[in-house]
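Asker: The sequence and its predicted three-dimensional model are supplied below.
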Protein chains: 2
Amino acid sequence: MASRTFIMVGNKAVTEHFSLNDLAGAAGRMDLLCRSLSTAFFLSHGMRRDVKVYLVLRGEPNPPRSLSFDGSELKYMSPDERNIGGIIRKALGRDDIRPYWTESTPGVHVSSMDLPDLLKDLSSPKGHYLVEDGEPMDSVEVGDDPVFLLGDHNGLVPEQEVLVEDWPRLSLGKRSYHTDHCITVLNHTLDKRGL
Amino acid sequence: MASRTFIMVGNKAVTEHFSLNDLAGAAGRMDLLCRSLSTAFFLSHGMRRDVKVYLVLRGEPNPPRSLSFDGSELKYMSPDERNIGGIIRKALGRDDIRPYWTESTPGVHVSSMDLPDLLKDLSSPKGHYLVEDGEPMDSVEVGDDPVFLLGDHNGLVPEQEVLVEDWPRLSLGKRSYHTDHCITVLNHTLDKRGL
């Protein structure tokens, strides 16, 4: 089965147990990451089992933290921000987070990897980097098992951009979209291509 | 300026003050409507001022309720579900809701109109109805000021479908998307067309 992988970096997203009542504020725009997970995985009546998502969280107080979500194993997730925030919070609250993956809930793993470690850990590390001034998605062949890297509302920082300087740069148009909206458009584009 | 109008029907969405801690459950899938408003209006660093959204809520205990959101006047809205839920809740909690529009917060109005009343109230009532078996969006000319009607997770009920039986039926593909994802794809498609 073909797969789709989305890697998202949240440079301000908190790295400890957080309040579900302030995802957008105190939790460092965790709302954006929750919506991104929601649209990556959810169809109207079912889940995209061929999707994998990796989050790299770099906010205070315990950066870095990486989380992985495997659609083929996910359970107990619903598409609202609060539910997904609870799953992320549970993973971040563990006291056994190490430089390798530890399962938190079904299909969800957490580690202390940063973006360089994560890119090394992925078996097909070269993907497409979403930027506003890249090649138009409609004219790009992304392959059978595409990997997409997306920044948060402020984009990647320079030391992260260096890591993917040889990745093809992909654009969804002249308007600047939220990360979750980019993922929705990417999923739809791949659906139309029959991937 | 061209405009885009999205009409969404939430047949189970509650019609009174509700808890922001259970948008997906007790509030009748209000989470879905909140995300739909979020993607209808928000760009990464700004709002789509040319968008209007109408919600028709038909859950208990006070149906029907219609809400209107005008992007050219909206203030104090952020893209997270909880913030938008708070704006909807404030409008539904008013004690002066009538069969015509009352302003609740800047750009947000509430009324006791049902879908037939709302369609009569709109100045350009004939729009496109989103369904899975409609004409592919990519081959449809939607005009300069398109109006789109979308159901909730269960679609429209038969007496609502009758109201729009002469509307063109539009499809985004074979996969069944959440309402908010449909709006993201529609906005992106119109962006690409330069509308």
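Answerer: That came in fine, so what should we check first?
Asker: Quick check: residues of chain A near chain B?
Answerer: A:20-21, A:23-24, A:31-32, A:35, A:38-39, A:42-45, A:78-83, A:138, A:153, A:172-178, A:180-181, A:184-185, A:187-188, A:191-192 (Cβ under 8 Å from any Cβ of the partner chain). (C-beta placed from N, C-alpha, C; glycine too.)
Asker: now with 7 Å?
Answerer: Residues of chain A lying close to chain B by Cβ under 7 Å from any Cβ of the partner chain are A:23-24, A:31, A:35, A:39, A:42-45, A:78-83, A:153, A:172-173, A:175-178, A:181, A:184-185, A:188, A:191-192.
Asker: What's the mean pLDDT across the strand of greatest length in chain A?
Answerer: Taking DSSP state E as the criterion, chain A has its longest strand at strand A:128-136. Strand A:128-136 shows an average pLDDT of 95 in the prediction.
Asker: can you check stretch A:81-97 too?
Answerer: 98.
Asker: and if you look at stretch A:101-117?
Answerer: On average, the pLDDT along stretch A:101-117 is 97.
Asker: Just the CA coordinates for that stretch, please, in PDB.
Answerer: Extracted in PDB, the C-alpha atoms of stretch A:101-117 (Å, rounded to 0.1, in the frame of the first residue of the first chain):
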ATOM      1  CA  TRP A 101      10.400   5.800  20.200                       C
ATOM      2  CA  THR A 102       8.200   4.900  23.200                       C
ATOM      3  CA  GLU A 103       4.500   4.000  22.600                       C
ATOM      4  CA  SER A 104       2.100   6.300  24.400                       C
ATOM      5  CA  THR A 105      -1.300   5.300  23.000                       C
ATOM      6  CA  PRO A 106      -2.100   2.900  20.100                       C
ATOM      7  CA  GLY A 107      -0.300   4.300  17.000                       C
ATOM      8  CA  VAL A 108       1.300   7.200  18.900                       C
ATOM      9  CA  HIS A 109       4.900   7.200  19.900                       C
ATOM     10  CA  VAL A 110       7.100   9.900  21.500                       C
ATOM     11  CA  SER A 111      10.800  10.500  21.700                       C
ATOM     12  CA  SER A 112      13.300  13.200  22.500                       C
ATOM     13  CA  MET A 113      14.500  13.400  18.800                       C
ATOM     14  CA  ASP A 114      15.000  16.700  17.100                       C
ATOM     15  CA  LEU A 115      14.400  17.300  13.400                       C
ATOM     16  CA  PRO A 116      17.900  16.100  12.300                       C
ATOM     17  CA  ASP A 117      17.500  12.800  14.300                       C
END
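Asker: how about it: buried residues?
Answerer: A:W101, A:S104, A:T105, A:G107, A:V108, A:H109, A:V110, A:S111, A:S112, A:M113, A:D114, A:L115 (16 or more other Cβ atoms under 10 Å in any protein chain shown).
Asker: What of stretch A:89-101?
Answerer: For stretch A:89-101, by 16+ other Cβ under 10 Å, it's A:R89, A:A91, A:L92, A:I97, A:W101.
Asker: Among those residues, which one lies nearest to chain B?
Answerer: Minimum distance to chain B across the buried residues of stretch A:89-101 is 14.3 Å, recorded for A:R89 (Cβ to the nearest Cβ).
Asker: What subset of the residues of chain A next to chain B is buried?
Answerer: By 16+ other Cβ under 10 Å, the residues of chain A next to chain B give A:23-24, A:31, A:35, A:39, A:42, A:44, A:79-83, A:172, A:177-178, A:181, A:184-185, A:188, A:191-192 as buried.
Asker: Now go through the residues you listed and say which are in helices.
Answerer: Mapping those onto helices (DSSP state H) picks out A:D31, A:R35, A:T39, A:E81, A:R82, A:N83, A:H181, A:T184, A:V185, A:H188, A:D191, A:K192.
Asker: Who are the contact partners of the closest residue to the fourth one other than its chain neighbours?
Answerer: Translated: A:E81. Distance criterion Cβ to Cβ, 6 or more residues apart in numbering or on different chains; nearest residue to A:E81, sequence neighbours excluded, is A:C34 at 4.1 Å. Neighbouring residues of A:C34 by Cβ atoms under 7 Å, 6 or more residues apart in numbering or on different chains: A:L23, A:E81, A:I84, A:G85.
Asker: from these, which is closest to chain B?
Answerer: The closest of the contacts of A:C34, once distances to chain B are taken by Cβ to the nearest Cβ, is A:E81, at 4.7 Å.
Asker: ok so, going back, want to throw the contacts of A:C34 into JSON lines with distance to A:S3?
Answerer: As requested, the contacts of A:C34 are exported to JSON lines (distance: Cβ to Cβ, whole Å):
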{"residue": "A:L23", "distance to A:S3": "28"}
{"residue": "A:E81", "distance to A:S3": "25"}
{"residue": "A:I84", "distance to A:S3": "20"}
{"residue": "A:G85", "distance to A:S3": "25"}
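Asker: beta partners of A:H109?
Answerer: A:S68, A:E103 (DSSP bridges).
Asker: That one against A:I97, yeah?
Answerer: No - using Cβ atoms under 7 Å, A:H109 is not in contact with A:I97, being 10.2 Å away.
Asker: what is in contact with those two at once?
Answerer: With Cβ under 7 Å, 6+ apart, A:H109 and A:I97 have no common neighbours.
Asker: Low-confidence bits of chain A, can you list those?
Answerer: The model of chain A has pLDDT under 70 over residues A:124-125.
Asker: show me where it has strands.
Answerer: A:4-10, A:42-43, A:46-47, A:51-57, A:65-70, A:102-105, A:108-111, A:128-136, A:147-150, A:169-171.
Asker: so how far is chain B from the residue of chain A most remote from its centre?
Answerer: Note on chain A: the largest C-alpha distance from the chain mean falls to A:S139, namely 23.6 Å (Cα atoms, centre = their mean). Taking Cβ to the nearest Cβ, to the nearest Å as the measure, A:S139 falls 12 Å from chain B.
Asker: same check, this time on A:G28
Answerer: For A:G28, the distance to chain B - Cβ to the nearest Cβ - is 12 Å.
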